[in-house]
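1. what follows is a predicted protein model with its sequence.
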Amino acid sequence: MLQDRLSLKSGGVDTASSHLHFHSSAVPDLIRDPLPHFRKKGPGSRPGRRRDSFQQDLPGSFSMHDIETLVIGAGVIGLACARSLALGGREVMVLEQHDLIGSETSARNSEVIHAGIYYPTGSFKAQMCVKGKEQLYRFCAENGVGHERIGKLIVACSDRQLVELDGIREKAIENGVLDLEFVDRDKLQELEPELACSGALWSPSTGIIDSHGFMLALQGGLEANGGQVVLNTSVERLESLPAGGYKVHVATVEADSYAITCKELIVSAGHGAPGLMSALPGANPPTAYLAKGNYFKLQGKSPFSTLIYPVPEPGGLGVHLTLDLQHQARFGPDVEWVDSFEYEVDPARGGKFYAAIRSYWPDLPDNSLIPDYCGFRPKIVGPGEPAADFRIDGPEVHGREGLVALYGMESPGLTSALAIADEVSARIA
């Protein structure tokens, strides 16, 4: 209940690994010094196989390939898929173009564990979010990943929006989210006196997470089951092999280009997935679009103890307030359609933030917001189009055995990662 949470504000935080960031003391040796799978040993040489590889012992297995299963992309979903496949007994290698895991979309988001309230009933987003949320809370508790069930208020700032709360609650129930509570104006004034709104829905299963700690735990689970992550390795092109399997053309910072062959391939390359898949006839990937999301940080202490989301408006969820595990407040993201990756936040965009935030927090002080960071949603629909569902294209879609391609893995991708991994494992079985 809401009152229970408010009486135990400091008691619900699992702080076992809330300190996990990419400092040298916390990063596995593989990140600091990637295994030399692709160092050149002579003309025509290929990546060396692991000594404990079982491929030579299994007739009809993947002995004709360098590795059984390749995953492209060490973001949160790629790592979750790789861990799941390794737990199932596969030999798994993850290729990551950057020198750190999860350094694009997975590291530049709100770090919110979503409840699954808004998504179309029956969609992958609704199903994966609701299932993945419970899996994620269990995973965090079992693996010491910093997180908190901090809850969220969806606030109505007008009588019209108050009516819309009923529709939001009905949608949540259809999606299997049964714990929303209505909070009236008087109770809100008692709980969050800085809020100016007519009423709200309380979502107790919404939370926040240390996304970096989560990804490190996924990587640890992968490696504990014989898998490996290879950094600074950019995938340039995909090719299907006549006898089955795939050839992945890569380039590294240490050597010339190479080709790695695999029996199974998971393309979890975020923004780059449609471009890579376009090389395979019949794959029919979607068009990729870039939607930049800018965040502004509140200077000073947050006046709120929970996440604050306005009633959704056409085109998005509005400018919402989120808190990190230190309860530092930030606002965002907005939506800015762009053609390239530019990681600076334009201070001029702050004007729209002030206006939106003051609809529910009228006492927001002038000059209290500073540009923080931005992220890029891997969109597969353009401006003005209805939001797309997750696309998980397995053999039943493109007809290629052992291949799964993931498209449009934006929010709630972080929350859904473990559920998506289960789905990918099932598709490739």
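-> Thanks, I have it.
2. and the helices in the chain, which stretches?
-> Applying DSSP state H to the chain gives helices spanning 2-7, 29-32, 76-87, 124-143, 159-174, 185-191, 211-224, 273-277, 350-357, 395-398, 413-428.
3. I'd like those laid out as TSV, including mean neighbour count.
-> In this view, the C-beta of every residue, glycine as well, is placed from N, C-alpha and C. Below are the helices of the chain laid out as TSV (neighbours: other C-beta atoms under 10 Å):
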stretch	mean neighbour count
helix 2-7	13
helix 29-32	13
helix 76-87	28
helix 124-143	20
helix 159-174	15
helix 185-191	15
helix 211-224	22
helix 273-277	20
helix 350-357	16
helix 395-398	14
helix 413-428	23
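4. who wins for proximity to His327 among those helices?
-> helix 2-7 (14.0 Å; C-beta to C-beta).
5. which stretch in the helices of the chain has the least confidence?
-> In terms of mean pLDDT, the lowest-scoring of the helices of the chain is helix 29-32 (a mean of 34).
6. domain ranges for the chain?
-> 29-107+212-286+389-428, 152-204+289-379 (automatic domain parsing).
7. now, of the ones you listed, which is deepest in the fold?
-> Ranked by mean neighbour count, those are led by domain 29-107+212-286+389-428 with a mean of 20 (mean count of other C-beta atoms under 10 Å).
8. where does that one sit relative to the chain's centre, distance-wise?
-> 17 Å (C-alpha atoms, centre = their mean, to the nearest Å).
9. for the helices of the chain, give me JSON lines that also has distance to Ala255.
-> Listed next are the helices of the chain as JSON lines, based on distance: least, C-beta to C-beta, whole Å:
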{"stretch": "helix 2-7", "distance to Ala255": "53"}
{"stretch": "helix 29-32", "distance to Ala255": "18"}
{"stretch": "helix 76-87", "distance to Ala255": "23"}
{"stretch": "helix 124-143", "distance to Ala255": "35"}
{"stretch": "helix 159-174", "distance to Ala255": "52"}
{"stretch": "helix 185-191", "distance to Ala255": "59"}
{"stretch": "helix 211-224", "distance to Ala255": "23"}
{"stretch": "helix 273-277", "distance to Ala255": "21"}
{"stretch": "helix 350-357", "distance to Ala255": "45"}
{"stretch": "helix 395-398", "distance to Ala255": "32"}
{"stretch": "helix 413-428", "distance to Ala255": "30"}
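10. among the domains of the chain, which gets the worst mean confidence?
-> domain 29-107+212-286+389-428 (a mean of 85).
11. nearest to Gly144, out of the domains of the chain?
-> Between these, domain 29-107+212-286+389-428 lies closest to Gly144; by C-beta to C-beta that is 7.5 Å.
12. and the domains of the chain: which comes nearest Ala126?
-> Of all those, domain 152-204+289-379 sits nearest to Ala126, with 4.6 Å by C-beta to C-beta.
13. circling back to that earlier point, quick one, which of the helices of the chain gets closest to Trp202.
-> Nearest of those to Trp202, taken as C-beta to C-beta: helix 2-7 at 4.9 Å.
14. ok so, going back, can I get the domains of the chain in JSON lines with distance to Phe139?
-> As requested, the domains of the chain are arranged in JSON lines below (distance: least, C-beta to C-beta, whole Å):
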{"stretch": "domain 29-107+212-286+389-428", "distance to Phe139": "6"}
{"stretch": "domain 152-204+289-379", "distance to Phe139": "16"}
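15. looking at those domains, which is closest to Glu142?
-> Closest among these, using C-beta to C-beta: domain 29-107+212-286+389-428, at 9.2 Å.
16. looking at the helices of the chain, spot the one closest to Ala387.
-> Per C-beta to C-beta, nearest to Ala387 of these: helix 124-143, 8.5 Å.
17. remind me what that closest one packs against, helices and strands.
-> Judged by 3 or more C-beta pairs under 8 Å, 6 or more residues apart in numbering; DSSP states H and E, helix 124-143 is in contact with strand 112-113, strand 147-148, strand 207-209, helix 211-224, helix 413-428.
18. how about those, which one is nearest Arg237?
-> Arg237 lies closest, by C-beta to C-beta, to one member of those: helix 413-428, at 21.4 Å.
19. can you give me the angle the closest one makes with helix 124-143?
-> 100 degrees (axes from the mean of the first three to the mean of the last three C-alpha atoms, to 10 degrees).
20. could you check the angle helix 211-224 makes with helix 413-428?
-> Using the same axes, to 10 degrees: helix 413-428 against helix 211-224 is 30 degrees.
21. tell me how far the residue lying closest to Leu87 once chain neighbours are set aside lies from His212.
-> Excluding the flanking residues, the one nearest Leu87 by C-beta to C-beta, 6 or more residues apart in numbering is Asn225, at 5.5 Å. Look at Asn225 and His212: by C-beta to C-beta, to the nearest Å, they are 21 Å apart.
22. fine, thanks again, bye for now.
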